[in-house]
Every structure is written in C-alpha cells, then in structure tokens.
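Undergrad: sequence first, then the predicted structure:
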Amino acid sequence: MRLRALAPGDLGWVISRNGALYAAECNWDETYEAHVAGVLSAYVLNRDPARSNGWIAELDGERAGAIFCSPREGDVAQLRILHVEPFARGAGVGTALIDACVTFAREAGYREITLWTTVLQRAAIRLYERAGFRLTSEDPPARRFGDEIHGQFWARPL
C-alpha cells in the first residue's frame, strides 16, 4: 500500500466512487455525489498548497481510497471525503489516510482538525476514535442525500 499525491483523473474517480459506494452501502441518492463534487471543486479552486492537501491510497497499484485536508477557519483544519474501497478494507488504508491528513494538518500549523460524518459510518468512526478524534456535537436528524441523516462533528487537537 502506498499514498500518493493527486494525479489527473483522480478527482473524477473520487466523485464517482463516493457516489457509487454511498448509493450501494447507504442508499443515498445523487445529491451526495453532487455534494462530493462541490467539496472537491472548492478544494481545487481555493487550494493553498501550504494549507490543503489530498492523497490517493493505492493497494497493489490499484486506487483504494482517498482523503483531503482543507482549512476550516483560522487555525482549524477539516478532514474531508475519506473513503476506502471495499476490497481494501481491513488492510490499513483508512488508518494510513487519516494519519497522513492529521500529520499534514499538524505540520501546516493548524491547532485542531475537525470532521463531519454520520452515525451510519461506524467503521470510519472507529478509525477516527483510534486516531484521537472525539465527538463534539451532533445534528438532529435531517433529510439529506435522500435519507434521514444524523450528522456528527468530531475533532482532535494537534
């Protein structure tokens, strides 16, 4: 397994795979894929390489996952769009991606890193907890992505 910088075609792959995976695993509709496209568009158009980064994980030469780190506000970073392909789950891909994001945020001078997820993402939540993230707040259930979504905000100091 290796982590690498983004290359041409990776952003489209991340958008497509997130749309397909969340449709299959959570029954979310196309508005989630549009959400991911919006997040990644903002990432590219506003990217300051000293404050933002993204990685693709490869397992045996095949794309296996992705993660992004972006500024949230001031000296707070945000972990964005973590995903791990089903064939790569359990191989340490998620942990490696989260570690890269946290390390980058620390080295970029952020004092804290946050993320938003949903209660449905149990496996990811276990990875976040192991990486030192703690639940800071929860949204009441709301209609998003064609489903009732119970959002959670997590954070950890750097």
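TA: Sure, I can see it.

Undergrad: list the buried ones in the strand ranked longest in the chain?
TA: Longest strand of the chain, by residue count under DSSP state E: strand 62-73. Judged by neighbour count using 16 or more other CB atoms under 10 Å, the buried positions of strand 62-73 are 63-72. Using the backbone N, CA and C atoms, a C-beta is placed for each residue, glycine as well.

Undergrad: same thing with stretch 5-23?
TA: Under 16+ other CB under 10 Å, the buried positions of stretch 5-23 are 6, 10-11, 14-15, 17-19, 21-23.

Undergrad: now, those that are in helices?
TA: 10-11, 14-15, 17-19, 21-23 (DSSP state H).

Undergrad: what is the nearest of the residues you listed to Thr117?
TA: Within these, proximity to Thr117 (CB to CB) peaks at Tyr22, which comes in at 11.9 Å.

Undergrad: quickly note the distance from the closest one to Ala42.
TA: From Tyr22 across to Ala42, the span is 19 Å (CB to CB, to the nearest Å).

Undergrad: check Val93 too.
TA: When Val93 is compared with Ala42 (using CB to CB), they lie 25 Å apart.

Undergrad: which one of these two has more residues nearby?
TA: The residue with more neighbours, out of Val93 and Ala42, is Val93; 25 against 13, by other CB atoms under 10 Å.

Undergrad: from Gly146, how far out is the more buried one?
TA: In terms of CB to CB, Val93 sits 27 Å off from Gly146.

Undergrad: where do the helices sit along the chain?
TA: Under DSSP H, the chain gives helices at 10-26, 30-46, 93-107, 122-130.

Undergrad: which of the ones you listed is buried the deepest?
TA: Highest mean neighbour count of the helices of the chain: helix 93-107, a mean of 20 (counted as mean count of other CB atoms under 10 Å).

Undergrad: just want the angle from it to strand 62-73.
TA: Per axes from the mean of the first three to the mean of the last three CA atoms, to 10 degrees, the angle that helix 93-107 makes with strand 62-73 is 30 degrees.

Undergrad: so helix 93-107 versus helix 122-130, what angle?
TA: Using the same axes, to 10 degrees: helix 93-107 against helix 122-130 is 40 degrees.
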